[in-house]
Each structure stands twice: as C-alpha cells, then as structure tokens.
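Chemist: Have a look; sequence and predicted model below, questions after that.
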Amino acid sequence: GIGSDLMNKVYQEVSRYIPAELQNLLDAASSSVSQILTKALFGIEVSEDEGAVLFSCRDNEKDTDRAAIFSVADILRRRSKGDYVTFVVNRNINFTNICYMGCRFCGFAKRKEDLGSEWLEPAQVVERAQQAWDRGGTEVCIQGGLHPKMEGKYYRELILAIKAALPDMHIHAFSPFEVWYGAVKSKLSYRDFLSDLKDCGLGSMPGTAAEILDTEVRQKLTKNKLSSDCWEEIIRTAHEVGIPSTATIMYGHVDEPKHWAAHIALLREIQKDTGGFTELVPLSFVHTDSPLFLNNPDSVRPGPTDHEVDLMHSVSRIMLNGFIDNIQVSWTKLGAERARNMLSLGVNDLGGTLMNESISRSAGSKHGQEITAAELCEIIRSAERIPVRRNTIYKTIDIYKDHDPIDIIPLVERKSDPLNFLKMFPETAE
C-alpha cells in the first residue's frame with residue numbers, strides 16, 4: 001500500500017484545509033451536502049444543480065446541513081477577504097418616483113397627478129450630491145422611475161451637471177431598465193448610449209432590475225417588461241465599454257431554490273466573460289406595501305424566511321467563490337442587527353451609509369434611511385472584524401484599526417437608534 005508517512009502527509013494537507021470542527025459539521029450533514037461543500041473547500045466550482053441542493057436546505061429540520069454550509073461560507077470569506085469588512089460613504093438620490101411601468105412588486109411608483117409624486121431637475125440633484133460630498137460621501141447612487149415625459153438626454157444631462165459641480169464624485173447610476181428606457185428614448189443602441197454616459201462621467205451602474213433572471217418568474221413580477229436576455233445584454237455591454245456594475249437578486253416572492261441557483265450561476269457565467277461585477281447584493285422582497293403581495297397573498301410569499309436569507313448570502317459566497325468575492329448585505333432590507341449576523345455567513349461588505357433611501361422604505365421596509373460611518377464601524381467591530389472604508393469599486397480609502405471615522409449627525413432626524421441592539425453586547429475592546 002501507500003507508505004504510512006505519505007498517508008500522514010496527505011491527512012495533514014487535508015486538515016490544513018478542513019479544520020477538525022468543520023470536519024465534524026461535514027460529518028453531521030447529509031452526504032450530498034457534505035460532498036458539495038468538500039468540493040467547494042478545495043476550490044472546485046459548485047454547479048447550478050448542486051447550488052439548488054444547498055439552497056433547498058431551508059426547512060427547519062435541515063439545521064445540521066445549514067451549520068455546515070454557513071461554516072464553509074465563512075471559511076471561504078476569510079480566505080478571500082480576511083477579517084476586513086468594507087463599506088462606502090454614499091447617498092441615494094431618487095430623481096423621480098413617477099413611473100408607468102407597473103412592476104407588480106413595486107410600492108415606490110406614483111403617477112404624475114398622485115399625492116407625493118416627485119421630480120427633480122438636475123440642479124436639485126446636484127444640490128443633494130453636494131450635501132453628500134460635504135458629509136464625506138464619495139459616491140452618489142442615482143436611480144429613478146421611468147417617467148413617460150422624460151427625454152432620453154436627461155440621463156446624460158444629470159451626469160454632466162454633477163460632474164461640473166463635483167468632478168471627483170463617483171456617479172453610480174441607472175439600472176439596466178433605465179438604460180433600456182434611455183436608449184429607446186434617444187434612439188441609440190445600448191452600446192452607443194452607454195459609451196456616451198461613460199464619456200459624460202458615469203462611473204458604474206447598479207445591477208438592479210435583475211429580480212430573478214427567469215422568464216416565468218419575471219412574467220409574474222413585471223409582465224417580463226425587461227427580459228432576462230435584455231438585462232444580460234445591457235449588463236454585458238456596460239462591462240464591455242468599461243462600466244462596472246453590481247449584481248443583485250431579489251428573492252422571497254414567487255421564486256424557488258432552483259431559480260436562485262440558476263440566477264447565481266448565470267451571474268457567474270457573465271462574470272467569467274466580463275469580470276465587470278464588483279459585488280453581489282441579495283435583496284429581500286419587502287412585501288408590506290407591495291401590490292404583488294397585497295393582491296395575491298395566497299400565492300406570493302411575504303418575503304424570504306430567516307433560513308432563506310441566511311442561505312442566500314452563504315450559498316452565494318460558495319457558488320461565486322473566486323469570481324465575485326464581495327458579498328454585500330443590505331441593511332436597509334434586513335436592519336442593522338441581522339446585517340451584523342450575516343458577517344459570519346459569508347458576507348464581507350455592508351454596502352453604503354445611504355443618506356436617503358426611499359425605494360425599500362416605500363415598499364414598507366422599516367429600517368431607516370441612514371447609518372453613519374461611525375455606526376457601521378461599531379457594528380463591524382462588535383462582530384470582531386476590522387472596518388474598512390472603500391470607494392465604489394472596492395479600493396481602500398481608510399482602515400479603521402486604531403482610529404474612528406469623524407462622527408456626523410444623520411442628515412435626516414431618526415426616530416430610533418439603529419444600533420439599539422448593540423447595547424446588549426459588552427463594550428468591544430477600545
């Protein structure tokens with residue numbers, strides 16, 4: 001047989017990759033899950049079908065499977081990102097909530113004559129961007145409804161106006177849906193429209209409007225107004241002309257584990273070709289004021305369960321390992337406490353301070369509009385990680401090892417302290 005010295009060497013090598021406590025978790029898990037996770041630990045790609053197996057561990061009784069999944073996600077996060085948890089100081093600016101697209105899940109859109117309908121001219125957007133810059137912001141994230149009277153040139157005029165006032169502000173703007181709309185209105189190809197926006201100063205794009213990249217699901221969510229193929233074409237084109245984007249998935253409505261696995265696998269295929277995704281941001285469906293749910297409470301789920309949220313972040317880390325290595329948790333969807341817990345499930349990024357987020361809020365999300373940089377640092381340290389301020393494309397601006405960010409008062413007065421939950425933890429070492 002093989003010399004026992006050699007066998008010992010092999011075992012030592014393997015245990016370097018798989019610590020004993022993890023091996024115990026793998027042994028306790030079902031054999032199919034254990035095999036998939038062992039592959040992942042050795043850097044072998046987890047297939048779409050295997051991803052679906054992992055996502056299916058959402059039933060209460062599958063807790064031993066979940067424990068192994070979470071542990072592997074945490075190890076892959078540490079290998080790729082260490083103990084640094086990143087965030088960006090940014091502001092969300094929604095220039096209009098007037099939209100006639102009628103996406104069924106959306107609680108944000110208004111008609112022109114509705115009470116509370118809003119439209120901002122470029123000068124008003126610039127004013128808000130200036131406020132963000134004065135508060136240390138490096139990014140404005142700009143999205144809006146698809147206003148029927150809006151001209152295609154509004155998008156470029158907006159970018160030019162911000163860049164004229166704030167040449168160093170990073171503009172992260174316009175979902176693929178808006179790019180589709182702007183290109184149609186301007187009678188330009190996606191490539192020409194996007195190249196022009198880049199020349200005007202667009203820095204990156206939110207990869208929103210992805211929802212679930214599946215025709216059947218999209219039919220129910222948006223009547224398939226922006227098809228999966230169209231979303232993919234616009235994102236690939238943006239990446240090709242040099243505009244990076246985030247990647248998103250919106251889940252917990254009429255979708256299933258097989259859809260999640262197919263969606264993440266598709267994002268991975270795009271990334272292999274373009275390398276243009278900076279991060280994945282899972283977005284929980286907020287059902288409270290969403291017409292999709294209110295009109296179909298029997299067939300639409302009220303957002304994802306806790307197990308599903310945990311699995312979405314951890315299985316995404318496992319499936320995307322080596323391709324999209326930043327997994328962000330959306331505190332506006334989950335709240336600060338749940339967001340903090342995600343840091344042990346494969347997440348390494350807390351997104352932005354978002355000095356005014358109105359889309360989640362109009363669908364009934366009860367988590368506020370802003371968390372300051374100092375508060376994000378507190379959350380990160382309470383999880384025994386090192387806070388890092390980054391820019392939009394993940395370049396480090398500051399590492400808060402031995403100092404704190406300048407503390408600023410939130411832009412809009414808040415009704416409650418988002419960090420209340422931390423008062424339950426003992427002070428972290430200064």
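Modeler: All right, it came through fine.
Chemist: now stretch 166-173, how far from the centre of its chain.
Modeler: 20 Å (C-alpha atoms, centre = their mean, to the nearest Å).
Chemist: Can you measure across that stretch, start residue to end residue?
Modeler: Stretch 166-173 has its terminal residues 15 Å apart, counting by C-alpha to C-alpha, to the nearest Å.
Chemist: now what about it, what contacts it?
Modeler: Contacting residues not belonging to stretch 166-173 are listed as 90, 126, 129-130, 132-133, 137-143, 155, 158-159, 162-163, 201-206, 391-393 [C-beta atoms under 8 Å, 6 or more residues apart in numbering]. Any C-beta I mention is one placed from the backbone N, CA and C, and that applies to glycine too.
Chemist: Out of the residues you listed, which end up buried?
Modeler: Among those, those scoring as buried are 90, 126, 129-130, 132-133, 137-143, 155, 158-159, 162-163, 201-206, 391-392 (criterion: 16 or more other C-beta atoms under 10 Å).
Chemist: Out of the residues you listed, list just those in strands.
Modeler: Asn90, Glu139, Val140, Cys141, Ile142, Gln143 (DSSP state E).
Chemist: what's near enough to touch the second one?
Modeler: Residues in contact with Glu139, defined by C-beta under 8 Å, 6+ apart, are Val88, Val89, Asn90, Arg91, Met169, His170, Ile171, His172, Gly203, Gly352, Asn391, Thr392.
Chemist: now the fourth one, nearest residue through space, not along the chain?
Modeler: In this case it means Arg91. If you skip the residues right next to it in sequence, Arg91 has Ala132 as its closest partner in space, 3.6 Å away by C-beta to C-beta, 6 or more residues apart in numbering.
Chemist: Which residues are in contact with the one you found?
Modeler: Ala132 neighbours (C-beta under 8 Å, 6+ apart): Asn90, Arg91, Val140, Met169, Met355.
Chemist: cool, and Met150?
Modeler: Thr96, Tyr181, Lys185.
Chemist: Where do the helices of the stretch 51-200 of the chain begin and end?
Modeler: 63-81, 122-134, 154-165, 176-186, 190-200 (DSSP state H, counting those that start in this stretch).
Chemist: Can you name the residues that contact the residue nearest the centre of the chain?
Modeler: Nearest to the mean C-alpha position of the chain, by C-alpha atoms, centre = their mean, lies Val281 at 1.4 Å. The contact partners of Val281, by C-beta under 8 Å, 6+ apart, come to Thr246, Ala247, Thr248, Gln328, Ser330, Gly351.
Chemist: before we move on, what about Phe174?
Modeler: In this structure, Phe174 makes contact with Ile142, Gln143, Tyr155, Gly182, Leu197, Leu202, Met205, Pro206, judged by C-beta under 8 Å, 6+ apart.
Chemist: One more: Cys200?
Modeler: Arg156, Ile159, Leu160, Lys163.
Chemist: 10 Å - rerun?
Modeler: Tyr155, Arg156, Glu157, Leu158, Ile159, Leu160, Ala161, Ile162, Lys163, Ile171 (C-beta atoms under 10 Å, 6 or more residues apart in numbering).
Chemist: okay if I get the residues you listed as TSV plus distance to His253 and pLDDT?
Modeler: As requested, the contacts of Cys200 are exported to TSV (distance: C-beta to C-beta, whole Å; pLDDT from 0 to 100):
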residue	distance to His253	pLDDT
Tyr155	29	97
Arg156	34	97
Glu157	35	97
Leu158	31	98
Ile159	33	98
Leu160	37	98
Ala161	36	98
Ile162	34	98
Lys163	37	98
Ile171	30	98
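Chemist: for the residues you listed, which one is nearest Glu232?
Modeler: Tyr155 (20.6 Å; C-beta to C-beta).
Chemist: Excluding residues flanking it in the chain, which one is nearest the closest one?
Modeler: In space, Tyr155 is closest to Gly182, 4.7 Å off (C-beta to C-beta, 6+ apart).
Chemist: Would you mind measuring from that neighbour to Val309?
Modeler: Look at Gly182 and Val309: by C-beta to C-beta, to the nearest Å, they are 33 Å apart.
Chemist: got it, and Ser204?
Modeler: 26 Å.
Chemist: do the same with Ala210
Modeler: Applying C-beta to C-beta to Ala210 and Val309 gives a distance of 18 Å.
Chemist: residue ranges of the strands in the stretch 151-300 of the chain, please?
Modeler: 170-173, 245-251, 277-284 (DSSP state E, counting those that start in this stretch).
Chemist: Which one, of the ones you listed, ends up nearest to Cys106?
Modeler: That would be, of those and by C-beta to C-beta, strand 245-251, which comes in at 10.6 Å.
Chemist: Give me the packing partners of the closest one, helices and strands only.
Modeler: For strand 245-251, the packing partners by 3 or more C-beta pairs under 10 Å, 6 or more residues apart in numbering; DSSP states H and E come out as helix 215-222, helix 228-240, helix 257-274, strand 277-284, helix 306-320.
Chemist: want to throw those into CSV with mean pLDDT?
Modeler: Output for these, formatted as CSV (pLDDT from 0 to 100):
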stretch, mean pLDDT
helix 215-222, 90
helix 228-240, 97
helix 257-274, 98
strand 277-284, 96
helix 306-320, 98
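Chemist: Out of the ones you listed, which is closest to Phe55?
Modeler: helix 257-274 (3.6 Å).
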